[in-house]
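Engineer: Prediction below, plus the sequence it came from.
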4 protein chains.
Amino acid sequence: MKPSSTFSLILRDVWSGLFLRGMFCEFLGTLLFLFISLSSVLLWPHAEPLSWDSIADEPLPTLDSTFACSPDPLHVSLAFGVSLTLACVCLGEVHLNPVVTLTLVAGLRISPWRAVLLVGAQLLGALSACALLLGITPTALKSNLGVNEVAPGVYLYQALLVEMAVTFQLVLCVQAVTHSKSAFSSVAPAVIGLSVMLGHLVAIGFTGCGMNPARSFGPAVLTMNYHNHWVYWVGPCAGSLLAWLLHDLVLHPRWSCFGDWM
Amino acid sequence: MKPSSTFSLILRDVWSGLFLRGMFCEFLGTLLFLFISLSSVLLWPHAEPLSWDSIADEPLPTLDSTFACSPDPLHVSLAFGVSLTLACVCLGEVHLNPVVTLTLVAGLRISPWRAVLLVGAQLLGALSACALLLGITPTALKSNLGVNEVAPGVYLYQALLVEMAVTFQLVLCVQAVTHSKSAFSSVAPAVIGLSVMLGHLVAIGFTGCGMNPARSFGPAVLTMNYHNHWVYWVGPCAGSLLAWLLHDLVLHPRWSCFGDWM
Amino acid sequence: MKPSSTFSLILRDVWSGLFLRGMFCEFLGTLLFLFISLSSVLLWPHAEPLSWDSIADEPLPTLDSTFACSPDPLHVSLAFGVSLTLACVCLGEVHLNPVVTLTLVAGLRISPWRAVLLVGAQLLGALSACALLLGITPTALKSNLGVNEVAPGVYLYQALLVEMAVTFQLVLCVQAVTHSKSAFSSVAPAVIGLSVMLGHLVAIGFTGCGMNPARSFGPAVLTMNYHNHWVYWVGPCAGSLLAWLLHDLVLHPRWSCFGDWM
Amino acid sequence: MKPSSTFSLILRDVWSGLFLRGMFCEFLGTLLFLFISLSSVLLWPHAEPLSWDSIADEPLPTLDSTFACSPDPLHVSLAFGVSLTLACVCLGEVHLNPVVTLTLVAGLRISPWRAVLLVGAQLLGALSACALLLGITPTALKSNLGVNEVAPGVYLYQALLVEMAVTFQLVLCVQAVTHSKSAFSSVAPAVIGLSVMLGHLVAIGFTGCGMNPARSFGPAVLTMNYHNHWVYWVGPCAGSLLAWLLHDLVLHPRWSCFGDWM
């Protein structure tokens, strides 16, 4: 088969109103989800009555990873969890996370080229969210846009393990509630939102909680800070593939459709 | 058509038991929602054992915007979200927010004169809530009644953008769960409450979180503080119209009933 | 009719297995709900690393109303809300609150003598909960068992108004979800728990949040502290009667069964 | 009957694909639930901007029970509650707690040998979770892995009573939502998660909140700290048996199947 005809085949598969609408939803959903979630971290009222003045008067230290972590982790976790839940409620079936798309490819549920386009839409959404975020950052506050960084004192293999664990539970939850026989499909957005919240409660102290390469990619590009950035791609991908194996081979084995994997 | 006959037409449309009951519910709901939510901000136990005495002994600085922001944002966000959820559960289909009414007018779902009356009832409810709030404010505590103010260091265009964003997600959620084919209509109050909570988690540090012109209007009138008050009308209105466009033109296009918009 | 025959009539009405089981559930539910909720306030980890030692070494000031209020209000509110939700899930239809029973009497839904016995069971449950609470209080910690007290600087009429408001919304919610045509009857425990949580978020800074005369009665008796105790009976009763009037006369008018009220 | 034939009988009962899958789920569920929950306690961002550096530079005191308790109790409670909810959603009907299995044995719902194997799988899961936890603990942070310890100033009988009370409410909730006629069986994971959260809100200040012998067993073995360890077995077992008695004898009496208990 000539490359051009392969390309035209792919194009014919992808060029449908429904899929274009799906791509737009991925873009819009990632944009909304990340803009809302990340801006909840940006500026937050301090306990001290004088905090606002201090922000206005003296510039804060630039690119201070500690500051980005310092809001109440509960606050940040809730914002991420709730905003993902609401994005799922508003936009219907969206992934909003490259590793969720990857799991669907691994399970042969969507074609690879569709996945590439969806992930592209997600990354574009993340970049747009961070650009918008730059727009609302007060100039006095040199923010790092909530970029994910490994906390001091945490080894890289530990960070990788933590990212794997939280993504593992997220993808396990996503598969459990989107499964056709699931008893919880009607509350799927709530379950997935809880899972995202739990991931942040756990991992925010280790790695700032990536769990979603698009979420890590956006701030990293905008702040040009790629330090240990691979951790936030390798960890989630490995965790999601493990979760997929567990789900499709052990919990809900798909031997009957084994031919699919040939 | 003569003005008087137009007026009588409007009066005939509006003068029904059901609509008057709806207006009363809007008034009562806004009153309850705002009174409960705003009083959760008013007086709150401090971590220091001596805080109560200090409130009683020495007067706090008057109209201190910082103090109004200083309770735990999580506490305030939860109070707003939960109280809206409960108001929707108790009173059924209420808007409680002028921009929700505006969206319905834009989508030609209610007539403009009904909308004007409903918004009037909401504003009246907000004023009553703030008057009640004044009644329970301890005299030693010169409160600003939780008036919305742009935080120091935040530009007006940034405040406007944040207000637009949080109202955008709120109205998108409202439309998604009140849509006739929505899978989440049975949990609509919970979803809308979560959306209000999320808005506060995000915007409380930037603008105190308006999201609802009635909520901003009440304290502004009672404390005679109209500084940047237009932001809390323009931002939410723009955000809600954007959300309406997205919903009615893209997510659930209404081309079939295009004639409605003529 | 002779008093003795009236008494025998009452006895015959009350002496049924179902009602005795209901009384036992009221007793057990109030005991569990209050014991769990109040002990969440009793002893809590401080942020300072040395706090535990300081509790063990030096006795805390006796009957210090400030200390009882000082745990994170969010923590206390969540404990009260969740434990009420769970009590309702475990025990089925229970009131656990004298003012809820009062509302049912006002609406002629249960007979006054049954109500008296149910309230008696609730108060007994509250006393038992506080006795158990005394048992688990470390001797070094002179606790006030979470007795409700009006905060310094708050006038009595303000405390009364706040208690009325929070009980008003609680009873409105109870009626809305237990109504026969309610769309939310399947999630009634969750809604009522949210309402209790909201009440605490709002009122904990003013009055410690009574909302439930049984909850206020238990600690007051065990610590012999009846200062302003009437507020916690008059406020909730007034609030619940107002909510009953609103519900039965305006929101869901019962004119058809007007004969009931003769 | 000879021991060997008894053994073969048991083996035949146990050696089924379904039961082996159940054991694997118990192992995996306990591993995931405890790893996620306990690591949320391990490392958490402090309010002070300099906290991360201080962790990296100077070693923290070893086996400091205070530090293990010092994260926000709300944070820990939420992590435990949410992660149990999600484990139940992902894995279906799992116990994840030896006392839940014990209750089923007491009610003659599963055979004792099956229970022994399930509890073994749970304990193995807990040990694996703690071994993984050791792997992600930064070397600078000498953690006690969240081992349960009775707080200073709390007598052992008080700790026992608190453990009994929180396990009592947990097992009551588990029985209420898994009962065949329960109205809440569709939201069982949420209810059980709330119950676990409530237990932590209450007991975290007294005993660190065991409630689950497997959860107490793992860190105790890995840190070789068996001080008062019996409290975390006796308390939960006594509480769960009480809850079982209340449920099976009073709330939903099983007289009809009385023969079962012979």
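Structural biologist: Received the coordinates, thanks.
Engineer: For chain C, what's its nearest residue on chain A.
Structural biologist: With CB to the nearest CB as the measure, residue A:74 is the residue of chain A nearest to chain C, at 8.9 Å. To be clear about C-beta, it is placed using only N, CA and C from the backbone, and glycine gets the same treatment.
Engineer: Sticking with that residue, tell me its helix or strand.
Structural biologist: Element membership of residue A:74, judged by DSSP states H and E, is helix A:73-91.
Engineer: Contact partners for residue A:216?
Structural biologist: Residues counted as contacts of residue A:216 (CB atoms under 8 Å, 6 or more residues apart in numbering or on different chains) are A:147, A:148, A:210, A:229, A:232, A:233.
Engineer: Skipping adjacent residues, who's closest to residue A:175 in space?
Structural biologist: Ranked by CB to CB, 6 or more residues apart in numbering or on different chains and with sequence neighbours excluded, the top spatial neighbour of residue A:175 is residue A:247, at 4.4 Å.
Engineer: show me the contacts for that neighbour.
Structural biologist: Under the criterion of CB under 8 Å, 6+ apart, the contact list for residue A:247 reads A:172, A:175, A:176.
Engineer: Is it possible to get JSON lines of the residues you listed that adds pLDDT?
Structural biologist: Formatted as JSON lines, the entries for the contacts of residue A:247 read as follows, by pLDDT from 0 to 100:
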{"residue": "A:172", "pLDDT": "95"}
{"residue": "A:175", "pLDDT": "94"}
{"residue": "A:176", "pLDDT": "93"}
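Engineer: Verify the contact between residue A:240 and residue A:102 for me.
Structural biologist: Yes - taking CB atoms under 8 Å as the definition, residue A:240 is a contact partner of residue A:102 at 5.8 Å.
Engineer: quick one, which of the two is more surrounded?
Structural biologist: residue A:240 (27 against 21; other CB atoms under 10 Å in any protein chain shown).
Engineer: what's next to the helix or strand containing the more buried one, contact-wise?
Structural biologist: Under the assignment given by DSSP H and E, the secondary-structure element containing residue A:240 is helix A:231-245. By CB under 8 Å, 6+ apart, the residues outside helix A:231-245 that reach it are A:98-100, A:102-103, A:106-107, A:148, A:150, A:156, A:159-172, A:175, A:207, A:210-213, A:216-217, A:220.
Engineer: Those residues of the stretch 51-200 of chain A touching chain D, which are they?
Structural biologist: When proximity is defined by CB under 8 Å from any CB of the partner chain, the stretch 51-200 of chain A lies next to chain D at A:64-67, A:69-70, A:72-74, A:77, A:151-155, A:158, A:161-162, A:165-166, A:168-169, A:172-173, A:176-177, A:183-184, A:191, A:194-195, A:197-198.
Engineer: which ones among these are found in helices?
Structural biologist: Using DSSP state H, the subset of these located in helices is A:65-67, A:69, A:73-74, A:77, A:158, A:161-162, A:165-166, A:168-169, A:172-173, A:176-177, A:191, A:194-195, A:197-198.
Engineer: just to revisit the earlier point, how about the nearest residue to the residue of chain A closest to chain C, chain neighbours excluded?
Structural biologist: Once its chain neighbours are removed from consideration, residue A:74 has its nearest residue in residue D:75; the separation is 5.5 Å (CB to CB, 6+ apart).
Engineer: Tell me how many other residues surround the one you found.
Structural biologist: 18.
Engineer: Return the residues in contact with it.
Structural biologist: By CB under 8 Å, 6+ apart, residue D:75 lies in contact with A:73, A:74, A:201, D:40, D:44.
Engineer: Out of these, who's the most crowded?
Structural biologist: When neighbours are taken as other CB under 10 Å, the top entry among the contacts of residue D:75 is residue A:201 (31 neighbours).
Engineer: my read: that one touches residue A:80, true?
Structural biologist: No - in terms of CB under 8 Å, residue A:201 does not count as a neighbour of residue A:80; the distance is 10.0 Å.
Engineer: coming back round to it: output the contacts of residue D:75 in TSV; the columns should cover pLDDT.
Structural biologist: Conversion of the contacts of residue D:75 to TSV gives the following (pLDDT from 0 to 100):
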residue	pLDDT
A:73	85
A:74	89
A:201	92
D:40	83
D:44	51
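Engineer: ok, so of these, who is nearest chain B?
Structural biologist: Each of those was checked against chain B using CB to the nearest CB; the closest is residue A:74, at 6.3 Å.
Engineer: and the closest one, how far is that from residue D:80?
Structural biologist: Taking CB to CB, to the nearest Å as the measure, residue A:74 falls 14 Å from residue D:80.
Engineer: any low-confidence regions in the stretch 151-262 of chain A?
Structural biologist: Low-confidence segments of the stretch 151-262 of chain A, defined by pLDDT under 70: A:255-262.
Engineer: try 50 this time
Structural biologist: Screening the stretch 151-262 of chain A residue by residue with the criterion pLDDT under 50, one finds the ranges A:262.
Engineer: State the distance from the residue most central in space within chain A to residue B:34.
Structural biologist: Nearest to the geometric centre of chain A sits residue A:212, at 2.8 Å (CA atoms, centre = their mean). Note on residue A:212: its distance to residue B:34, by CB to CB, is 36 Å.
Engineer: Then residue A:213?
Structural biologist: 42 Å.
Engineer: Kindly report the same for residue A:240.
Structural biologist: Relative to residue B:34, and taking CB to CB, residue A:240 is found at 44 Å.
Engineer: Quick check: closest non-adjacent residue to residue A:97.
Structural biologist: Here the nearest residue to residue A:97 in space, its sequence neighbours aside, is residue A:212; by CB to CB, 6+ apart that works out to 4.5 Å.
Engineer: State the distance from the one you found to chain D.
Structural biologist: 17 Å (CB to the nearest CB, to the nearest Å).
Engineer: In contact with that residue: list those residues for me.
Structural biologist: For residue A:212, the contacting residues are A:96, A:97, A:98, A:99, A:236, by CB under 8 Å, 6+ apart.
Engineer: What residues does the first one make contact with?
Structural biologist: By CB under 8 Å, 6+ apart, the residues touching residue A:96 are A:26, A:29, A:30, A:33, A:84, A:87, A:88, A:122, A:212, A:214.
Engineer: Mind telling me what element the second one is part of?
Structural biologist: Secondary structure assigned from DSSP H and E places residue A:29 in helix A:17-42.
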